[in-house]
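A.B. asks: what shape does this take:
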Amino acid sequence: MLCIRGSRGVGKTTLLLQRIAEAFPAGSNQALYVSLDELWFNENRLIDLADYHYTHGGTHLFLDEVHRYPQESWAQEIKNIYDRYPGFHVVFTGSSILKIDQSQADLSRRCLFFTMQGLSFREYLEFNDIAQLEPIALNLILTNHVALAIEITRQVHVLQYFGEYLRHGYYPFYNELAEGYEMALRQIVVNVIEQDIPQAESIEQNTVNRMKRLIALIARVTPFTVNVSRIANTLECDRQTVHKLLRTMQRASLINLLFKGKNNMQQLVKPEKVYLENTNLIYALSSDISIGNVRETFFSNQLFNDHELAFSGSGDFLVDNIHTVEVGGHRKSFDQIKDMPNSYLAVDDIEIGNGNRIPLWLFGFMY
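C.D. replies: Presented below is the predicted three-dimensional model:
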C-alpha cells in the first residue's frame, strides 16, 4: 500500500494514470482508477467497490483524492481493504494537509508514504526537453559547484530558462494553460483553503475567511516578518489562532515557515519569516514583485524538500544547523556573513561561481 501526498497541481493524478497506462495492457481489468470525489460515493462505500474489484479479478486499486471521500471512515476502510484481500495492491493520493498519523486507523505500519513536490529547476529542464541531468546532493553543490556549473552550462544556457522557471516552472500544467496559468494558481489557492483544508480539519467558515485574508497579507508584504499581535489585530482573533492558521497553511503547502534555531512547531513558537511555498505563487498572488523575496523563496522551496532550514541572524538561512547561506544578486558581498564559519553566498544572475559564491540556480538541481 502506497500513499502519495502533495499540493494541488503537482501531478498526482497524472502520475497514477501514467502508471496504469505503463504497467497494465489496454483492456485489462486488473487495475481500477477512481476519484473519491465521485458522487457515487455519497450512496456507496469504498470497501464495497474494492470487494467487487477484487472478486472480479482486480489486483490493483488506485484511489485519487482520498481526503474528498464523503465518509469519515476512509482510513478505516483502506485498512480493512489491506487486511481483507491478500495480494491486493492499493495506491491512494491525498492533499498535503492529510493527517494520516491522526487517522482513526493505524495505516503507518501498513503503508509507505511519499510526498510529491512541484518540479525542481532540474526537472523543469527535463520536462521541457531542454536538458536531461542527474540530481546533485547539497554537499556536492557546496564543495564542487564550480566544476558542476561548468559541466551543466556546457549543455544548456541555464540563465535563459531560470527566470522562466521562477515564474511558471513549478507546476507541470503550464504548457497546457499558458494564458491562464496565474489565474489557475489563484484558483488552486482558493480551493485549498475553501475545500481541502476544511475536509481535513474541523474548522468554521470564519477560519476559512481569516486564512484567505492572511494569505493575501503574506503575498502583499514581502519579505513577511511575523508580528503575531499585529496579525491577530488585523484578523480579529487571538494569538493562538494566528499560530494555528500559519501551521495549517504550511501543512497545506501554501507557505513555508522559518523559525529561529531548529524549526520548532510547538504551538506558541513564533516563526521569524514566512514565504509563499514556491515562486510561481508570488507572481500569481503579488502585485508588487520583490526580486529579493523571489530569490529567498526559491532557495527555501528547494531546500525544505530534504533539509532542515532555520532563520539565521547573520545570513538568510541556517541549513542543517551547519551552513549559513546569504541569498542575493550578483553584486552581493560576504560582508554580512564574513565572520561566520561554513558560510556561503547563493548568487543570482551568474552561471558559474567561485570560492564560496555559488550560483543560485544550482540549488534547483537537488531533486
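
A.B. asks: show me where this structure has strands.
C.D. replies: Here the chain has its strands, by DSSP state E, at 2-6, 31-35, 60-64, 89-95, 112-116, 224-225, 255-258, 273-276, 309-311, 317-319, 323-328, 343-347, 357-359.

A.B. asks: could you dump these to JSON lines with mean neighbour count, mean pLDDT and distance to Ala149?
C.D. replies: C-beta: built from backbone N, CA, C; applies to glycine. Supplementary listing: the strands of the chain in JSON lines, determined by neighbours: other C-beta atoms under 10 Å; pLDDT from 0 to 100; distance: least, C-beta to C-beta, whole Å:
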{"stretch": "strand 2-6", "mean neighbour count": "19", "mean pLDDT": "94", "distance to Ala149": "30"}
{"stretch": "strand 31-35", "mean neighbour count": "17", "mean pLDDT": "97", "distance to Ala149": "42"}
{"stretch": "strand 60-64", "mean neighbour count": "22", "mean pLDDT": "97", "distance to Ala149": "40"}
{"stretch": "strand 89-95", "mean neighbour count": "22", "mean pLDDT": "95", "distance to Ala149": "36"}
{"stretch": "strand 112-116", "mean neighbour count": "13", "mean pLDDT": "92", "distance to Ala149": "28"}
{"stretch": "strand 224-225", "mean neighbour count": "16", "mean pLDDT": "86", "distance to Ala149": "31"}
{"stretch": "strand 255-258", "mean neighbour count": "24", "mean pLDDT": "95", "distance to Ala149": "26"}
{"stretch": "strand 273-276", "mean neighbour count": "24", "mean pLDDT": "95", "distance to Ala149": "25"}
{"stretch": "strand 309-311", "mean neighbour count": "19", "mean pLDDT": "94", "distance to Ala149": "23"}
{"stretch": "strand 317-319", "mean neighbour count": "22", "mean pLDDT": "96", "distance to Ala149": "19"}
{"stretch": "strand 323-328", "mean neighbour count": "22", "mean pLDDT": "96", "distance to Ala149": "17"}
{"stretch": "strand 343-347", "mean neighbour count": "23", "mean pLDDT": "97", "distance to Ala149": "11"}
{"stretch": "strand 357-359", "mean neighbour count": "23", "mean pLDDT": "98", "distance to Ala149": "6"}
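
A.B. asks: which of those sits closest to Leu49?
C.D. replies: Between Leu49 and the strands of the chain, the tightest spacing by C-beta to C-beta is seen for strand 31-35, at 6.9 Å.

A.B. asks: the closest one pairs with which strands, and in what direction?
C.D. replies: Strand pairing for strand 31-35, using DSSP bridges, gives strand 60-64 (parallel).

A.B. asks: check what contacts the strand it pairs with and list those residues.
C.D. replies: Applying C-beta atoms under 8 Å, 6 or more residues apart in numbering, the set of residues contacting strand 60-64 from outside is 12-13, 16, 19-20, 24, 30-36, 46, 50, 53, 78, 81, 88-93.

A.B. asks: same deal with stretch 307-321?
C.D. replies: Residues from elsewhere that reach stretch 307-321, judged by C-beta under 8 Å, 6+ apart: 138, 256, 258-263, 271-273, 296, 299-300, 303, 324-327, 336-337, 339-340, 343.

A.B. asks: could you redo the last one with a cut-off of 7 Å?
C.D. replies: Contacts to stretch 307-321, defined as C-beta atoms under 7 Å, 6 or more residues apart in numbering, come from residues 138, 258-263, 272-273, 296, 299-300, 303, 324-327, 336-337, 340, 343.

A.B. asks: do stretch 10-24 as well
C.D. replies: Residues outside stretch 10-24 that contact it (C-beta under 7 Å, 6+ apart) are 4, 6, 30-31, 33, 62, 64, 91, 93, 116-118, 171-172.

A.B. asks: now Asn321: how far from Met340?
C.D. replies: As for Asn321, its distance to Met340 is 13 Å (criterion: C-beta to C-beta, to the nearest Å).

A.B. asks: okay, those two: which has more neighbours?
C.D. replies: The residue with more neighbours, out of Asn321 and Met340 and counting by other C-beta atoms under 10 Å, is Met340; that gives 18 against 11.

A.B. asks: isn't that one up against Thr324?
C.D. replies: Yes. Here Met340 lies in contact with Thr324, judged by C-beta atoms under 7 Å, at a distance of 4.5 Å.
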